[in-house]
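Colleague: just coords:
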């Protein structure tokens, strides 16, 4: 029975653990994005209303540009395993800090929280595919990426379904803590994936300036068909 399922999912011998770990990462990230995004939306809408969303999206566009520019620089620095781990860690810490800040009751913290969680969501949507790209070769990608996408969609559905129940049980603000906990779990999962399955990374050419670092990151993205699509 197990062999039939593996054959149906196009999982070949020796790939089961890798597929399970990467699929779990996709699902976890989407669960967290669902919970965090719904919490940020709800808290913002109650205090500022939906009529302010267009202005928020304008600000988010500018923030996302610089965040992804920094992400591209980080990709070009060679040790992607360490980069991904640090990124998960700092994103989780940012959420914990903002949840603590909400205790002050300062109303302007809610737009900041909304911008933060939505910027983090963009980063995570790119980061998870970066991990998959580092884990799978081209032939594996053709077979397995649709499976990873499906598990990500399932995770998003689960996150959205659980939002209402969890908000009633622990409070909407505390969904941010749950989102941070999921990011820490993703950190541990990514370290396991990287240790076991990441391909050796060529030593990056030393960048002598910020522009040089951007160029190194750009060259990496240009060399990857998947990253070009993203």
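Modeller: Nice, I can see it. No experiment lies behind these values; they were computed from the predicted model shown.

Colleague: Spit out the contact partners of residue 175.
Modeller: 35, 36, 38, 39, 163, 166, 167 (CB atoms under 8 Å, 6 or more residues apart in numbering). Bear in mind the C-beta positions are built from the backbone N, C-alpha and C, glycine included.

Colleague: Now do stretch 83-90: distance to the chain's middle.
Modeller: From the chain centre to the centre of stretch 83-90 is a distance of 10 Å (CA atoms, centre = their mean, to the nearest Å).

Colleague: quick one: buried residues of that stretch?
Modeller: Residues 83, 84, 85, 87, 88 are the ones in stretch 83-90 that count as buried (16 or more other CB atoms under 10 Å).

Colleague: can those residues go into a markdown table with extra columns for secondary structure?
Modeller: A markdown table is the format used below for the buried residues of stretch 83-90 (DSSP: H, G, I helix; E, B strand; the rest coil):
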| residue | secondary structure |
| --- | --- |
| 83 | helix |
| 84 | helix |
| 85 | helix |
| 87 | helix |
| 88 | helix |
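
Colleague: mind putting those residues in TSV, distance to residue 130 and pLDDT included?
Modeller: Shown next, in TSV, are the buried residues of stretch 83-90 (distance: CB to CB, whole Å; pLDDT from 0 to 100):
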residue	distance to residue 130	pLDDT
83	9	92
84	7	94
85	12	93
87	10	94
88	12	96
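
Colleague: In a markdown table: the residues you listed, plus distance to residue 119.
Modeller: Shown next, in a markdown table, are the buried residues of stretch 83-90 (distance: CB to CB, whole Å):
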| residue | distance to residue 119 |
| --- | --- |
| 83 | 17 |
| 84 | 17 |
| 85 | 19 |
| 87 | 12 |
| 88 | 15 |
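
Colleague: elements contacting the host helix or strand of residue 145?
Modeller: Secondary structure from DSSP states H and E places residue 145 in helix 138-170. Helices and strands touching helix 138-170, by 3 or more CB pairs under 8 Å, 6 or more residues apart in numbering; DSSP states H and E, are helix 16-48, helix 109-135, helix 175-197.

Colleague: That helix - what's its average pLDDT?
Modeller: Taken as a whole, helix 138-170 has an average pLDDT of 93.

Colleague: Low-confidence stretches in this structure?
Modeller: 1-3, 78, 200-230 (pLDDT under 70).

Colleague: which ones are touching the most centrally placed residue in it?
Modeller: In the chain, the residue lying closest to the centroid (CA atoms, centre = their mean) is residue 124, at 1.7 Å. Taking CB under 8 Å, 6+ apart, we find residue 124 in contact with 29, 32, 33, 91.

Colleague: Tell me how far it lies from residue 71.
Modeller: Distance, residue 124 to residue 71, by CB to CB, to the nearest Å: 11 Å.

Colleague: what do you get for residue 109?
Modeller: On the measure of CB to CB, residue 109 and residue 71 end up 25 Å apart.

Colleague: likewise residue 199?
Modeller: 20 Å.
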